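J.: Kindly return the folded structure for what I paste below:
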Amino acid sequence: MVYFLVYVSSATGQWSKRDVDDVLSWSRPNNDRLGISGMLLFKGGNLMQVLEGEESTVRELYATISADPRHKGIITILDGYHETRQFPGWSMAFRDLDGAAARAVEGYSEFMNTRLSSSEFAADPTLGQKLLTTFKMGR
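T.: Model prediction:
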C-alpha cells in the first residue's frame with residue numbers, strides 16, 4: 001500500500017514561469033531521493049499537488065511545504081492509501097493549466113477555477129484526485 005496526500009494552496013505572490021521552474025528544479029531530485037512521486041498542477045497562482053510514498057515521508061514533506069512562505073491557504077483535500085502508485089517514476093510531474101493546450105486535454109475540468117476553500121471540496125474530495133489523474137493521461 002502506498003500513502004497519498006492531495007492538497008491545494010495559493011501562491012503568496014505572482015509566480016513567474018521561472019519561479020515554477022525553480023521549484024521543479026529543486027523538488028524533483030529531492031522527491032526522487034525521498035522516494036516521493038506525484039503531480040503538481042498550477043493555474044493562476046493556485047496549486048494542487050498529490051504526493052505519494054511512505055506515509056511518514058509524505059507527511060514530513062507536507063509539513064515542510066505547509067511552512068513554506070510562498071504558499072498560503074493550504075488545505076488537505078484527500079489522503080489515504082492506494083494499492084500501487086498512481087504516478088510511478090514521476091518525482092513531480094507538472095502541468096500549467098493556464099494555457100489552451102491544458103484545456104484541450106480530454107476530461108479537462110474547471111476545477112482549478114473554483115474557490116480554494118474547505119467547503120468547495122466537502123461534497124466530493126475525490127474531484128481533485130480525478131483532475132490530477134486526467135493530466136497524467138495527457139502527459
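J.: Please make it C-alpha for all contacts and neighbour counts, starting now.
T.: Fine.
J.: Output the lowest mean pLDDT helix or strand found in the chain.
T.: Within the chain, no helix or strand scores below helix 100-103, which has a mean of 49 by mean pLDDT, DSSP states H and E.
J.: Thr76 contacts Met48, correct?
T.: No: with contacts counted by C-alpha atoms under 8 Å, Thr76 stays clear of Met48, the gap being 9.7 Å.
J.: For stretch 64-78, list every residue counted as buried.
T.: 66, 71-72, 74-78 (16 or more other C-alpha atoms under 10 Å).
J.: Between these, which sits nearest Pro88?
T.: Relative to Pro88, the closest of the buried residues of stretch 64-78 is Leu78; by C-alpha to C-alpha it sits at 18.9 Å.
J.: what packs against the top helix by length along the chain?
T.: For the chain, the helix with the greatest residue count under DSSP state H is helix 17-34. Helix 17-34 sits against no helix or strand, with contacts defined as 3 or more C-alpha pairs under 8 Å, 6 or more residues apart in numbering; DSSP states H and E.
J.: mind listing what the next helix or strand along the chain from that helix pairs with, with the direction of each?
T.: Next in sequence after helix 17-34, counting helices and strands by DSSP states H and E, comes strand 37-43. Sheet pairing for strand 37-43, assigned by DSSP bridges, gives strand 46-53 (antiparallel), strand 93-96 (parallel).
J.: Now strand 37-43: average pLDDT?
T.: Taken as a whole, strand 37-43 carries a mean pLDDT of 84.
J.: Now, the buried residues of stretch 64-78 that are in helices?
T.: Filtering the buried residues of stretch 64-78 for helices - DSSP H - leaves Ser66.
J.: Of the buried residues of stretch 64-78, which is the nearest to Glu54?
T.: Leu78 (15.9 Å).
J.: quick one: that closest one and Leu5 touch, right?
T.: Yes: if you go by C-alpha under 8 Å, Leu78 and Leu5 touch, sitting 5.9 Å apart.
J.: In the protein, where is pLDDT below threshold?
T.: By pLDDT under 70, the low-scoring segments of the chain are 92-139.
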